[in-house]
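**Q** coordinates only, no sequence provided:
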Ligand SMILES: O=P(O)(O)OC[C@@H](O)[C@@H](O)c1c[nH]c2ccccc12
């Protein structure tokens with residue numbers, strides 16, 4: 001597999017992916033044999049109502065420390081609060097994530113889990129599958145023209161892929177690559193600024209282009225009114241900070257999704 005040219009990735013995102021690429025520089029790129037596709041993450045988001053993907057997020061570059069969550073406790077609380085799927089940060093420096101967080105979450109719930117990291121090496125996908133994740137995040141802002149290749153690798157490993165975009169050009173790449181699940185990030189990861197109009201706009205564009213897969217609105221959702229803007233448009237919302245910092249994760253998840 002080829003390595004994306006990370007020198008073109010700007011801002012905060014560029015710093016994070018550089019460090020991640022360093023972490024995996026000597027990792028074995030082999031994917032191993034094909035694994036069966038369970039499609040559990042995708043299936044969980046295909047419910048008639050708007051689904052919640054709740055994120056185990058202890059810190060972020062924009063906020064610093066959010067809450068010292070115990071991943072297993074957080075996963076149980078999110079499940080009790082009605083989440084359809086979970087997202088677990090495994091990036092260590094900026095998000096205080098790690099492998100153990102994902103392993104603990106997978107051990108205590110039946111909900112499908114997404115490995116949320118800055119995938120820049122095929123070994124990161126093999127790990128995601130080995131650790132029990134149902135899906136991995138693939139960021140078009142990082143992978144660019146390699147997105148299709150990484151999508152193929154994820155599928156080879158039996159993983160679903162959440163292919164993340166933030167603008168029109170990235171959406172075109174995701175559609176062309178054959179993504180089955182597309183996430184639209186309201187946050188510009190190069191500046192960390194949030195614009196809640198990005199998701200509805202690009203989700204409409206994807207549907208107008210005939211995309212029949214799953215669409216996820218990501219980042220910046222704090223109140224039921226924010227969620228209202230993507231009801232009937234998105235299949236799911238991905239929410240981290242506002243739930244993680246709430247003190248009562250089950251209740252916060254339930255309240256946020258109540259129309
Ligand atoms: O904490 P928020 O604003 O609810 O956002 C959650 C999630 O969308 C965000 O953590 C995220 C979206 N894409 C990413 C890529 C890498 C790291 C983090 C992210």
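**A** Sure thing, it's come through. All values derive from a computational prediction rather than experimental measurement.
**Q** residue numbers of the chain in contact with the ligand?
**A** 55, 57, 116, 164, 185, 218-221, 238-242 (CB under 6 Å from any ligand atom). Every residue, glycine included, has its C-beta placed from N, CA and C.
**Q** a markdown table for these, including distance to residue 10, neighbour count and secondary structure?
**A** Shown next, in a markdown table, are the residues of the chain next to the ligand (distance: CB to CB, whole Å; neighbours: other CB atoms under 10 Å; DSSP: H, G, I helix; E, B strand; the rest coil):
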| residue | distance to residue 10 | neighbour count | secondary structure |
| --- | --- | --- | --- |
| 55 | 24 | 26 | strand |
| 57 | 23 | 26 | coil |
| 116 | 21 | 29 | strand |
| 164 | 16 | 27 | strand |
| 185 | 15 | 24 | strand |
| 218 | 19 | 26 | strand |
| 219 | 18 | 26 | coil |
| 220 | 20 | 20 | coil |
| 221 | 25 | 26 | coil |
| 238 | 23 | 28 | strand |
| 239 | 26 | 28 | strand |
| 240 | 23 | 24 | coil |
| 241 | 23 | 19 | helix |
| 242 | 27 | 18 | helix |
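**Q** which one of the residues you listed is nearest residue 24?
**A** Using CB to CB, residue 116 comes nearest to residue 24 of these, at 16.1 Å.
**Q** who's the closest one bridged to?
**A** residue 89 (DSSP bridges).
**Q** wait, it touches residue 97, no?
**A** Yes: using CB atoms under 8 Å, residue 116 is in contact with residue 97, at 7.3 Å.
**Q** now do the shared contacts for the two.
**A** 88-91 (CB atoms under 8 Å, 6 or more residues apart in numbering).
**Q** can you redo those as TSV with neighbour count and pLDDT?
**A** Shown next, in TSV, are these (neighbours: other CB atoms under 10 Å; pLDDT from 0 to 100):
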residue	neighbour count	pLDDT
88	27	98
89	26	98
90	24	98
91	21	98
